[in-house]
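S.K.: What follows is a protein structure lacking sequence information:
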């Protein structure tokens, strides 16, 4: 789970970096507020929210792993087919 979270964060930050660079370059040329600015701000808010969610998940998953310890699993033999008498 931690690997998935880390991959998501890396991908998310890379996409955000590309958008932010594109936005900065366009604002320098035009000198006006770019329509991508709202989207970049929204992505920024979602990144903060995602990092908070993943932080809570990591904290609770780590606590569950510590409590779990060794699981004792009882194995049962497979059911036997009933024997029918042939007359």
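M.R.: That came in fine, so what should we check first? Everything numeric in this text was worked out from a predicted model, so none of it was measured.
S.K.: and residue 12, how many residues sit next to it?
M.R.: As a burial measure, residue 12 scores 15 neighbours (other CB atoms under 10 Å). Where C-beta positions appear, they are placed from N, C-alpha and C, glycine not excepted.
S.K.: secondary structure element for it?
M.R.: Remark: residue 12 resides in helix 2-30, with elements defined by DSSP states H and E.
S.K.: quick one: average pLDDT of that helix?
M.R.: In this model, helix 2-30 has a mean pLDDT of 70.
S.K.: Contacts only, for residue 43.
M.R.: By CB atoms under 8 Å, 6 or more residues apart in numbering, the residues touching residue 43 are 15-16, 19.
S.K.: make that residue 44, sorry
M.R.: residue 16.
S.K.: Report the buried residues of the helix or strand harbouring it.
M.R.: Taking DSSP H and E as the definition, residue 44 sits inside helix 36-68. Across helix 36-68, burial judged by 16 or more other CB atoms under 10 Å covers 40, 43, 54.
S.K.: Compute the inter-axis angle for it and helix 2-30.
M.R.: Interaxial angle, helix 36-68 versus helix 2-30 (axes from the mean of the first three to the mean of the last three CA atoms, to 10 degrees): 170 degrees.
S.K.: All set now, cheers.
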